[in-house]
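# Predicted model, plus sequence, below.
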Amino acid sequence: MALYEHVFLARQDLAQAQVDALAETATKIVEDNQGKVTKVETWGLRSLAYKIAKNRKAHYVMLNIDAPAGVVAELERQTQINEDVIRYMTVKVDELETGPSVMMRKQERGDRGDRGPRGGDRGPREDRGDRGPRRDREEAAGE
């Protein structure tokens with residue numbers, strides 16, 4: 001059987017229990033068609049890059065699926081009919097992640113350390129040779 005990652009975005013006004021029910025419905029569709037859901041991850045309510053169907057946020061859910069291609073077609077058909085799902089995407093993968101996905105491992109990103117000096121440490125304007133409008137007025141006035 002093939003391996004898939006199925007991610008769907010649910011409307012922002014749904015309660016977490018309703019989002020969990022959507023995930024259970026998707027799991028039931030897969031299992032009724034001789035497939036297997038190996039992992040379900042709820043990434044929570046997150047901001048969208050742009051408005052989708054008047055929603056600025058959405059509940060993100062990912063399912064790892066081990067099933068034949070026909071099961072995925074049925075899952076996508078049922079997902080498309082559901083009004084609570086605003087977007088979905090299914091990707092075929094070579095192997096499924098056993099641990100938490102990248103979205104769940106955000107804590108590790110803070111260990112990168114300092115990236116060096118920023119552009120604000122350049123010193124006063126006179127040291128750089130910049131001529132501001134005030135200095136030009138003072139020279140024009142003869143000071």
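Yep, that arrived.
# can you give me the mean pLDDT across the helix or strand where Ile65 lies?
Ile65 is located in strand 55-67, with elements delineated by DSSP states H and E. Average pLDDT, strand 55-67: 94.
# next SSE after that strand?
That would be, after strand 55-67 and using DSSP H and E, helix 69-81.
# can I have that next one written out in PDB, keeping just the CAs?
Output in PDB follows, covering the C-alpha atoms of helix 69-81 (Å, rounded to 0.1, in the frame of the first residue of the first chain):
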ATOM      1  CA  ALA A  69      -5.000   5.100  -4.100                       C
ATOM      2  CA  GLY A  70      -8.700   4.600  -4.200                       C
ATOM      3  CA  VAL A  71      -9.000   5.300  -0.500                       C
ATOM      4  CA  VAL A  72      -7.400   8.700  -1.000                       C
ATOM      5  CA  ALA A  73      -9.700   9.500  -3.800                       C
ATOM      6  CA  GLU A  74     -12.700   8.800  -1.600                       C
ATOM      7  CA  LEU A  75     -11.200  10.700   1.300                       C
ATOM      8  CA  GLU A  76     -10.700  13.800  -0.900                       C
ATOM      9  CA  ARG A  77     -14.200  13.500  -2.300                       C
ATOM     10  CA  GLN A  78     -15.700  13.400   1.200                       C
ATOM     11  CA  THR A  79     -13.500  16.300   2.300                       C
ATOM     12  CA  GLN A  80     -14.400  18.400  -0.600                       C
ATOM     13  CA  ILE A  81     -18.100  18.000   0.200                       C
END
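# when you compare where that helix runs with where strand 55-67 runs, what's the angle?
160 degrees (axes from the mean of the first three to the mean of the last three C-alpha atoms, to 10 degrees).
# what's helix 69-81 packed up against?
Secondary structure elements in contact with helix 69-81, counted by 3 or more C-beta pairs under 8 Å, 6 or more residues apart in numbering; DSSP states H and E, are strand 2-11, helix 16-32, strand 55-67, strand 85-93. C-beta here means a position set from N, CA and C on the backbone, and glycine is covered the same way.
# ok so, going back, the strand holding Ile65: how far from the chain's middle?
10 Å (C-alpha atoms, centre = their mean, to the nearest Å).
# can you check stretch 40-54 too?
For stretch 40-54, the distance to the chain centre is 7 Å (C-alpha atoms, centre = their mean).
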